[in-house]
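> I would like to see how this sequence folds:
(one chain, ligands or ions: 1)
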Amino acid sequence: MDALQLVFEEPPAAAGSLPPEVAALYGGALSLPDDVLYCNFVSSLDGVVALDAPGAGAGPTISGRSPADRLVMGILRALAEVVVVGAGTLRADSGHLWTPAYIYPPLADAFARLGEPRLAVVTASGEIDPSERALQPDGLILTTDAGEAWLRGKLTGGTRVRSLGSGPLGGRRILEALRAEGHRRILTEGGPHLMARFLEEALLDSLFLTLSPVLAGRSAGDGRLGLLEGLELLPARPEWWRLASVRRHRSHLFLRYDRTR
Ligand SMILES: NC(=O)c1ccc[n+]([C@@H]2O[C@H](COP(=O)([O-])OP(=O)(O)OC[C@H]3O[C@@H](n4cnc5c(N)ncnc54)[C@H](OP(=O)(O)O)[C@@H]3O)[C@@H](O)[C@H]2O)c1
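Now for the predicted structure:
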C-alpha cells in the first residue's frame, strides 16, 4: 500500500511513539496523551456509519475495504490498552477481532511491539454470545446486575464480567470501570449508541474519522445511523471540535479532531 499523505497537522503536544515502518505508512508520527478516550469511525460523505443490512458489515462496506482505513484502525488499536465497543457492534460483526494485527496483518510484527489491547464490551441485557472469539483471551464485559445474572455460568476461558449496578450505564461509570481495571489509553469503536453515552458527559478527548468517498443514502426508519444515536446536541448544546490533523489516501480523508477545552 502507498503511504497516507499528510495534508495538515497541528504541532503535536508530545513526540509520537510509532515504530518507523508504521510511521512511514501513516505519513508521520501519532501522539496521544497517556490518559485518553478516543474513538475511530468510518462515515459516508452523507454521515452514515451503520447500515442495517444483514451480511454487509457497515465498516468495510462504507470504507470500500480501504487498506488505508484498515491501517489507521490497526494503528489506533495498537496504541490502545483497551478497545471498548457496545454489544450492538459485537453482534453486528460476529467473528471479528478487535486487534491491530487482525485488521491490518502486514504490520502485525510492528503492532506486537506496541502491545495488544484488551476488548471490553458494554451490554445492559448481557445477551451476547459467550463463545465470541473476540472475548478471548481476557475480554471484559461491563453490564448491569440483570446482565450479570443472564451471563452467570455461560462464559468460557478468561472472559470476566463486571456489573456496574442497575439502570442505564452512563459514560462516566463505564470509563471509571475501565480505569479501575488499570486502563488509561481507551479506544472506542462505537457503535453510535455507546458513543452517545460518552458524548453526553463530554468524556471523549479525540475523534478519528475516516470520511469515505461514497454516498449511502437513507430513509426514515431504515436503521442507518450517524455517529451518535439517542442524543441530541444542536442547537441547545453545540459540541465544537478542533481539527488536529488531515491525511489522505486517494479519495479517502483521515481526520482527527480534538476536543476544544
Ligand atoms: N462505521 C463505523 O465505524 C462503525 C463503528 C462501530 C459500529 N458500527 C455499526 O454500528 C451498528 C451498531 O450500532 P449501535 O449503536 O446499535 O451499536 P452499539 O452502541 O455498539 O450497541 C448498542 C447496544 O450496546 C449496548 N450498549 C451500548 N451502550 C450502552 C450503555 N451505555 N449501557 C448499556 N448497554 C449499552 C446495548 O446492548 P444490549 O442490547 O445487549 O443491552 C445496546 O443495545 C452496527 O451496524 C455496526 O456495524 C459502525
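
> which element is the residue lying closest to residue 206 once chain neighbours are set aside on?
Of all residues not flanking residue 206 in the chain, residue 38 sits nearest, at 4.0 Å (CB to CB, 6 or more residues apart in numbering). For the C-beta atoms, the positions are set from N, CA and C on the backbone; glycine is no exception. Following DSSP states H and E, one finds residue 38 within strand 36-43.

> close to the ligand, is the next helix or strand after that strand?
Next along the chain after strand 36-43, taking DSSP H and E as the criterion, comes helix 58-63. Yes - counting by CB under 6 Å from any ligand atom, the ligand is contacted by helix 58-63 at 58-59, 62.

> Rebuild those residues as TSV, extending it with neighbour count and pLDDT.
Converted to TSV, the residues of helix 58-63 next to the ligand look like this (neighbours: other CB atoms under 10 Å; pLDDT from 0 to 100):
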residue	neighbour count	pLDDT
58	24	92
59	26	94
62	24	97
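
> tell me which of those residues is nearest to the ligand?
residue 58 (3.5 Å; CB to the nearest ligand atom).

> Could you pull up the residues touching that closest one?
Residues near residue 58 by CB atoms under 8 Å, 6 or more residues apart in numbering: 49-51, 92.

> My guess is residue 8 contacts residue 243. True?
Yes - between residue 8 and residue 243 there is a contact under CB atoms under 8 Å: 7.2 Å.

> circling back to that earlier point, what's across from the residue nearest to residue 206 in the sheet?
residue 187, residue 206 (DSSP bridges).

> quick revisit: in a markdown table, list the residues of helix 58-63 next to the ligand along with distance to residue 228.
Output for these, formatted as a markdown table (distance: CB to CB, whole Å):
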| residue | distance to residue 228 |
| --- | --- |
| 58 | 15 |
| 59 | 17 |
| 62 | 16 |
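
> and the gap between the residue nearest to residue 206 and the ligand?
Relative to the ligand, residue 38 is positioned 13 Å away (CB to the nearest ligand atom, to the nearest Å).
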